[in-house]
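[1] Pasting the sequence and the predicted coordinates here, then a few questions.
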Amino acid sequence: MHSRLKKILAYKQKEVEALKKRWADTAGSRVPAPVRDFKGAIGSRDGMNVIAEIKFASPSAGRIRQPGDPVPIGRIYEDAGAAAISFITDKRFFGGDLEQLPALKKAVFLPILRKDFILDPCQVTETFVYGADAVLLIAGILAQGRLRELLNITKDLGMTALTEVHDGHDLERAIEAGADMIGINNRDLNAFSVDPGNTFALAPLVPGDRVLVSESGISSAEDIRKLKKIGVDAVLVGTALMKSRDPGEKVKELVKAGKTEKG
């Protein structure tokens, strides 16, 4: 495991312990917003579904965009034709803020995926209470029993889980645990390098009844066309959008490329 990831997970575990201590006092103070259908939004086979990500920084790229209010960005993504929004809520390493998620949910009609390092059931419940419609579960950082547990809790709450895998072993574990949405991460969390070919290697192994998402390293219309040809249902794009001078036009470019390949 890469030293960056070890550092992130060690800090996240401390956050989890703090959350457990205060959860009983804070959980009842929020009324969850109705859950939107994330799987339905990105599972359509009509074109390529773009999950547009709001990400202000990352350990590998550093600062991507000045941290700020995610609402204007979310509205731009929605107006440009994105199928869903991904919001990274980790504050220390990615510049996100979970406290901003409820306002984002109110400002757009699209379903919202909470991306973070989810390790414990209390974080899934927290995700629901703050209004997210889906949660990212990273197979490579979770024991098999915990992955299955978190998938079940997510389902019981009416949300969707996007289960992220990087290799064949992760994929087998995700399928065994009952994941119905598979996200193939082209970023190797052990080396933090990106290889878009990873999706092409693993996609044929994903059962046809699962929603398939490709994550990381996607930036062009050509990427979209290639991924559509191998049966990818959706792409999660963050850095290419957040670095763009016109994120809305970039979303439109990717959405249009997917539609040219339909049928």
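    Thanks, I have the structure now.

[2] going forward, measure contacts and count neighbours with C-alpha atoms only.
    OK.

[3] after the helix-or-strand element of the chain with minimal mean pLDDT, next one along is what?
    For the chain, the helix or strand with the lowest mean confidence is strand 62-63, at a mean of 72 (criterion: mean pLDDT, DSSP states H and E). Next helix or strand after strand 62-63 toward the C-terminus (DSSP states H and E): helix 70-80.

[4] between the helix or strand that that next one is followed by and helix 70-80, how big is the angle?
    Using DSSP H and E, the helix or strand that follows helix 70-80 in sequence is strand 84-88. Relative orientation of strand 84-88 and helix 70-80, computed by axes from the mean of the first three to the mean of the last three Cα atoms, to 10 degrees: 160 degrees.

[5] Which strands border strand 84-88, and is each parallel or antiparallel?
    strand 49-54 (parallel), strand 112-115 (parallel) (DSSP bridges).

[6] Name the residues of that strand that come out as buried.
    For strand 84-88, the buried set under the neighbour-count rule, 16 or more other Cα atoms under 10 Å, comprises A84, I85, S86, F87, I88.

[7] Stretch 188-204 now?
    For stretch 188-204, by 16+ other Cα under 10 Å, it's D188, L189, F192, V194, P196, N198, T199, F200, A203.

[8] For V211, give me its contacts.
    K39, I42, G43, D180, M181, I182, V232, D233 (Cα atoms under 8 Å, 6 or more residues apart in numbering).

[9] ok, so of those residues, who is nearest I51?
    Closest to I51 out of those is I42 (7.6 Å), distances taken as Cα to Cα.

[10] how many other residues sit next to that closest one?
    For I42, the tally of surrounding residues (other Cα atoms under 10 Å) stands at 24.

[11] That one is in contact with N49, isn't it?
    Yes. With contact defined as Cα atoms under 8 Å, I42 counts as touching N49 (5.4 Å).

[12] can you list residues touching both of those two?
    Joint contacts of I42 and N49 (Cα under 8 Å, 6+ apart) are A83, D233, A234.

[13] gap between the first one and N198?
    When distances are taken as Cα to Cα, to the nearest Å, A83 and N198 turn out to be 23 Å apart.

[14] likewise the second one?
    Remark: distance between D233 and N198 (Cα to Cα) = 16 Å.

[15] In the helix or strand I175 falls within, which of the residues would be classed as buried?
    Assessed by DSSP H and E, I175 sits inside helix 168-177. For helix 168-177, burial by neighbour count (16+ other Cα under 10 Å) applies to D170, L171, R173, A174, I175, A177.

[16] Going along the chain, name the helices of the stretch 101-250 of the chain.
    Secondary structure of the stretch 101-250 of the chain, counting by DSSP state H, counting those that start in this stretch: helices at 101-107, 121-129, 144-156, 168-177, 197-202, 221-229, 239-242, 247-259.

[17] Reformat the ones you listed into JSON lines and put mean pLDDT and distance to K55 next to each item.
    Output for these, formatted as JSON lines (pLDDT from 0 to 100; distance: least, Cα to Cα, whole Å):
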{"stretch": "helix 101-107", "mean pLDDT": "96", "distance to K55": "13"}
{"stretch": "helix 121-129", "mean pLDDT": "94", "distance to K55": "17"}
{"stretch": "helix 144-156", "mean pLDDT": "97", "distance to K55": "23"}
{"stretch": "helix 168-177", "mean pLDDT": "96", "distance to K55": "25"}
{"stretch": "helix 197-202", "mean pLDDT": "93", "distance to K55": "22"}
{"stretch": "helix 221-229", "mean pLDDT": "92", "distance to K55": "20"}
{"stretch": "helix 239-242", "mean pLDDT": "90", "distance to K55": "7"}
{"stretch": "helix 247-259", "mean pLDDT": "92", "distance to K55": "12"}
